[in-house]
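Starting from these lines, generate the structure:
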Amino acid sequence: MKPYLHKVQYYETDMMGVAHHANYIHWMEEARIDLMDQLGFPYSEMERKGIFSPVRALSCEYKQPCTFGDEISVTVSVDSFNGVIMTIVYEMKNQNGQTICEARSEHVFLTRDGRFARLKRDLPEFCAAVENTKGVSSLTPDP
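You can find the predicted model right below:
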């Protein structure tokens, strides 16, 4: 998968000229949506099919700050996926190749009525696409 690229905007910085920590979470979301596009399953299309993917857990480890104009490369990989829960890891680097943040997010897949989606049954082609991505460390059956 190709990394997601983001250029830090002036409005994303605080009074010290540093990108505010909350923006990293936005960049993670942008990179996750880009991952879905690269897999051939745009998130908007999944929503049209009645499947939603809210965040269950999130963690970030900020390594060093970035500032206005920095070009951030967000490498995204699937750490684990069992057909209901997907854990994604992110590594953000600046234009100099320095790691600025390492993070992970955990997402569940739900139907419109709030029940767990059974993607291996309902969207097996999505599960196969995720399984074939580099970085998938475990793929286990639906609970």
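
quick one: buried residues of the lowest-mean-pLDDT helix or strand in the chain?
Lowest by mean pLDDT, DSSP states H and E among the helices and strands of the chain is helix 119-122, with a mean of 88. Neighbour-count burial for helix 119-122, counted by 16 or more other C-beta atoms under 10 Å, picks out 119-120. Where you see a C-beta, it was placed from the backbone N, CA and C, and this is true even at glycine.

Which strands or helices does whatever helix or strand comes next after that helix pack on?
As assigned by DSSP states H and E, the chain's next helix or strand after helix 119-122 is helix 124-131. On a contact count with 3 or more C-beta pairs under 8 Å, 6 or more residues apart in numbering; DSSP states H and E, helix 124-131 meets helix 21-39, strand 71-81, helix 119-122.

Report the contact partners of the spatially most central residue of the chain.
For the chain, the residue sitting closest to the mean C-alpha position, by C-alpha atoms, centre = their mean, is residue 32 at 2.9 Å. Neighbour list for residue 32: 76, 88, 105, 107 [criterion: C-beta atoms under 8 Å, 6 or more residues apart in numbering].

Each with direction, which strands does the stretch of helix or strand the second one belongs to pair with?
Element membership for residue 88 (DSSP H and E) is strand 85-93. The pairing partners recorded for strand 85-93 under DSSP bridges are strand 71-81 (antiparallel), strand 99-108 (antiparallel).
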